[in-house]
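K.L.:
structure for this input, please:
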Amino acid sequence: MSHDSPGTDRAIPFDPHRRELGILAGFDGSKQGFLALHYAALAAYRSGRVLTVVTAFTVPTPIYTTLVAVPENPEAEASLGAARAVLKEAREYLADFPGKVVYRAERGDAAGVLVDLSSIAELVVVGARGRGGFLGRVLGSVASALPAYAECPTVVVPRQYKVTEVKGSARFAPGRSQRPVVVGVDGSPVSRGAMFQAALAAQNRGVELHLLLALPPLETWLEWYPQFEPKDDGLTAQRTAELESALEAETQWLKTHYPDLSVTATVEPGEPVTLLSRQTEKAQLTVLGTRGRGGAAGTLLGSVSRGVLHRATGPVMVVPHLDDKRLTDHPGFR
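P.N.:
Numbering: from 1, shown residues only. Here you go, the predicted model:
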């Protein structure tokens with residue numbers, strides 16, 4: 001499967017009901033892999049979708065000095081056997097899971113495999129780090145960066161994520177936490193798409209959705225709003241009032257699509273990465289767009305998303321630019 005170049009900014013066709021893999025969990029048998037597997041199982045249980053567990057394997061290029069050195073079992077067979085052993089661990093963990101589970105061993109780089117499969121998945125879930133260093137690859141290589149190139153939302157589960165010690169099918173019962181889902185907003189189309197994904201997550205959990213718009217320090221946001229002069233009296237108060245008004249309009253528009261959802265919203269002064277990273281400590285889920293109003297066209301994973309992923313202590317969902325028809329009824333759509 002070929003992927004668009006970093007300079008391409010297109011809306012990805014996204015109909016969850018046609019994404020046959022449902023909730024896709026990247027699993028490598030590590031402790032972080034089990035945390036991601038558990039999170040994905042809960043997500044599949046809430047949504048009633050199939051859970052697809054995938055592990056990736058690579059086959060080293062054989063270099064033999066003599067025919068005697070050639071092993072009886074080819075490297076590909078051995079690598080596939082190791083991958084199946086990893087999947088067996090996942091089967092054992094999910095033995096009491098009440099939903100449908102599909103297991104797949106795929107040849108290729110872990111991040112690349114997940115990017116390819118993301119085109120037929122509703123959600124991809126990975127651990128922050130694992131035996132293969134999922135997040136290390138995600139954030140360390142633009143060519144295989146999962147949140148940047150995935151064609152569906154990606155959830156990254158950190159090591160601080162807590163899993164219940166309950167056994168049996170009760171292990172996968174939805175929790176009763178009333179902590180909210182938080183979404184970072186900035187008025188961009190990608191941000192609005194992230195709002196929809198956050199609203200769905202909050203609705204499925206039966207909790208409040210909180211919209212957070214960061215007001216960066218003066219020296220930062222003057223670059224965004226050059227019409228203001230640094231010495232304008234009341235500049236911060238003026239901009240705060242404007243943003244609060246815009247955020248209220250966003251909230252009311254979102255409520256037209258989720259009328260029964262409890263939604264709150266605040267404008268908070270500070271650096272977006274710092275503010276949203278703190279929210280990951282309090283929220284069930286923190287949701288971000290791949291990049292927003294401050295992102296360069298050639299940067300698929302914006303500095304805010306990247307920074308929050310590095311510092312998060314709770315699950316973070318990164319939402320790409322999805323083609324959502326609901327966006328067309330926004331008053332500012334053009």
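K.L.:
show me where the stretch 151-300 of the chain has strands.
P.N.:
154-157, 181-184, 209-215, 263-269, 285-289 (DSSP state E, counting those that start in this stretch).
K.L.:
adding distance to V163, mean pLDDT and mean neighbour count, write those out as a markdown table.
P.N.:
Heads up, the C-betas are built off the backbone N, CA and C, glycines and all. A markdown table is the format used below for those (distance: least, CB to CB, whole Å; pLDDT from 0 to 100; neighbours: other CB atoms under 10 Å):
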| stretch | distance to V163 | mean pLDDT | mean neighbour count |
| --- | --- | --- | --- |
| strand 154-157 | 10 | 94 | 26 |
| strand 181-184 | 19 | 97 | 28 |
| strand 209-215 | 24 | 94 | 22 |
| strand 263-269 | 28 | 94 | 16 |
| strand 285-289 | 15 | 96 | 29 |
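K.L.:
what is the burial count for R159?
P.N.:
11 (other CB atoms under 10 Å).
K.L.:
isn't it right next to R129, touching?
P.N.:
Yes: counting by CB atoms under 8 Å, R129 is a contact partner of R159 at 7.3 Å.
K.L.:
common neighbours of these two, please.
P.N.:
Residues touching both R159 and R129 comprise Q32, with contact defined as CB atoms under 8 Å, 6 or more residues apart in numbering.
K.L.:
give the rounded mean pLDDT of stretch 303-323.
P.N.:
The pLDDT scores in stretch 303-323 average 91.
K.L.:
buried residues in that stretch?
P.N.:
304-309, 312-322 (16 or more other CB atoms under 10 Å).
K.L.:
next, R107: phi, psi?
P.N.:
phi -80, psi 130 (degrees, to the nearest 10).
K.L.:
measure how buried the nearest residue to it once chain neighbours are set aside is and give me the count.
P.N.:
Sequence neighbours aside, F57 is the residue nearest to R107 in space, at 6.0 Å (criterion: CB to CB, 6 or more residues apart in numbering). Counted with other CB under 10 Å, residues neighbouring F57 total 22.
K.L.:
wait, F57 touches A83, no?
P.N.:
Yes: contact criterion CB under 8 Å: F57 and A83 qualify, at 4.1 Å.
K.L.:
list residues touching both of these two?
P.N.:
A105.
K.L.:
doesn't V102 fall inside a strand?
P.N.:
Yes: under DSSP: H, G, I helix; E, B strand; the rest coil, V102 sits within a strand.
K.L.:
okay, and the beta partners of it?
P.N.:
T52 (DSSP bridges).
K.L.:
re the thing from before, so can I have TSV of the strands of the stretch 151-300 of the chain showing distance to L123?
P.N.:
Converted to TSV, those look like this (distance: least, CB to CB, whole Å):
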stretch	distance to L123
strand 154-157	6
strand 181-184	14
strand 209-215	17
strand 263-269	22
strand 285-289	11
